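Asks: Need a 3D model of the sequence below.
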Amino acid sequence: MPPPGYPWGWPGPAGQAGGRLGLVRRFRSWDGTELAYRVAGSGPLLVCVPGGPGQAVEYLGDLGGLSDHRTLILLDNRGTGASQAPQDPMTYRVDQLVRDVEALRDHLGLNRMDLFGH
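Replies: Sure, this is the predicted structure:
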């Protein structure tokens, strides 16, 4: 059963069909770059963005068991993990990362979100 406020298909708890980090899901960002994210855990949603540049979500590790208390939305930054590299390398900038996170929020259908960034 999906947690409250979860507007799309529920992949099941961590450890099913995709392992600890969950199934890879994809969306198109503001410039058409296909970005990937994973869903793990249960509880209120928490969007997690690894440090950059060049850091995939695996960089965050298991976040000390946070997925036992929160549903983690784990974003692979552009050009890392399962996310596509952009056509324009000039988009590897913090202001463009902000646009990617906003595109993820829109994709998820959220008005507001809790954000964990490293």
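Asks: so the residue nearest in space to the middle of the chain is in which element?
Replies: The centroid of the chain falls nearest to residue 75 when counting by C-alpha atoms, centre = their mean (2.4 Å). In the assignment (DSSP states H and E), residue 75 maps to strand 71-76.
Asks: Give the helix, strand or coil label for residue 27.
Replies: Under DSSP: H, G, I helix; E, B strand; the rest coil, residue 27 falls in the strand class.
Asks: out of everything not next to it in sequence, what's closest to it?
Replies: residue 107 (4.1 Å; C-beta to C-beta, 6 or more residues apart in numbering). C-beta coordinates here come from the backbone N, C-alpha and C atoms, glycine included.
Asks: where does the one you found fall, phi/psi-wise?
Replies: Residue 107 adopts backbone torsions of phi -60, psi -40, taken as degrees, to the nearest 10.
Asks: Isn't it up against residue 30?
Replies: No: checked against C-beta atoms under 8 Å, the pair residue 107 and residue 30 is beyond contact range at 10.7 Å.
Asks: Give me the more crowded residue out of these two.
Replies: More crowded of residue 107 and residue 30, by other C-beta atoms under 10 Å: residue 107, with 16 against 12.
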